[in-house]
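Participant: structure of the sequence below:
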Amino acid sequence: MEKCCVKALVTGKVQGVWYRRATQEKALQHGVTGHARNLPDGRVEVLLCGGPDAVKAVSEWLWKGPENARVTHVELEVIETHDPDDFRTV
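Facilitator: As a prediction, the model looks like this:
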């Protein structure tokens, strides 16, 4: 199966609103591995690896996030990386 990895930097009200946990749940629903971690500048970094359609679906969801999130920008970058075997919040 073809796999791809995307790194996303999510800007807005995305810390303290369950954004990482909701991203993990959405990724696992789509069979996507990777991580979500808070950055010191208030953004969330998300790594998504999996089938292209699944990665696209979760990438598009990042613009919405959980109920209390207010996403203002999502920067996506296709990257070459190892394929993690699970999805973690860091």
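
Participant: what about the helices in this protein?
Facilitator: Using DSSP state H, the helices of the chain run over 19-29, 52-61.

Participant: check what pLDDT the closest residue to H35 other than its chain neighbours gets.
Facilitator: Of all residues not flanking H35 in the chain, R88 sits nearest, at 4.6 Å (CB to CB, 6 or more residues apart in numbering). The way it works is simple: take the backbone N, C-alpha and C, and place the C-beta from them, glycine included. Per-residue confidence (pLDDT) for R88: 81.

Participant: what number of residues lie near R88?
Facilitator: Neighbour count for R88, taken as other CB atoms under 10 Å: 14.

Participant: pretty sure it contacts A27?
Facilitator: No: R88 is beyond contact range of A27, at 10.0 Å (criterion: CB atoms under 8 Å).

Participant: give me every residue that touches the nearest residue to L62 once chain neighbours are set aside.
Facilitator: Nearest non-adjacent residue to L62, counting by CB to CB, 6+ apart: V74, 5.0 Å away. For V74, the contact set (CB atoms under 8 Å, 6 or more residues apart in numbering) comprises A8, L9, V10, T11, S59, L62, W63.

Participant: just give the closest residue to the third one, not the sequence neighbours.
Facilitator: Among residues not flanking V10 along the chain, V44 sits closest, at 4.6 Å (CB to CB, 6+ apart).

Participant: one more: the second one?
Facilitator: Across the structure, with CB to CB, 6+ apart as the measure, the residue nearest L9 apart from its sequence neighbours is E75 (4.5 Å).

Participant: what does the fourth one give?
Facilitator: Nearest in space to T11, with sequence neighbours left out and distances taken as CB to CB, 6+ apart, is H73 at 4.2 Å.

Participant: the one you found: neighbour count?
Facilitator: Around H73 sit 10 other residues, with neighbours defined as other CB under 10 Å.

Participant: what would the helices of the chain look like in CSV with mean neighbour count, mean pLDDT and distance to R37?
Facilitator: Output for the helices of the chain, formatted as CSV (neighbours: other CB atoms under 10 Å; pLDDT from 0 to 100; distance: least, CB to CB, whole Å):
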stretch, mean neighbour count, mean pLDDT, distance to R37
helix 19-29, 19, 98, 7
helix 52-61, 16, 97, 16
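
Participant: sounds good, over and out.
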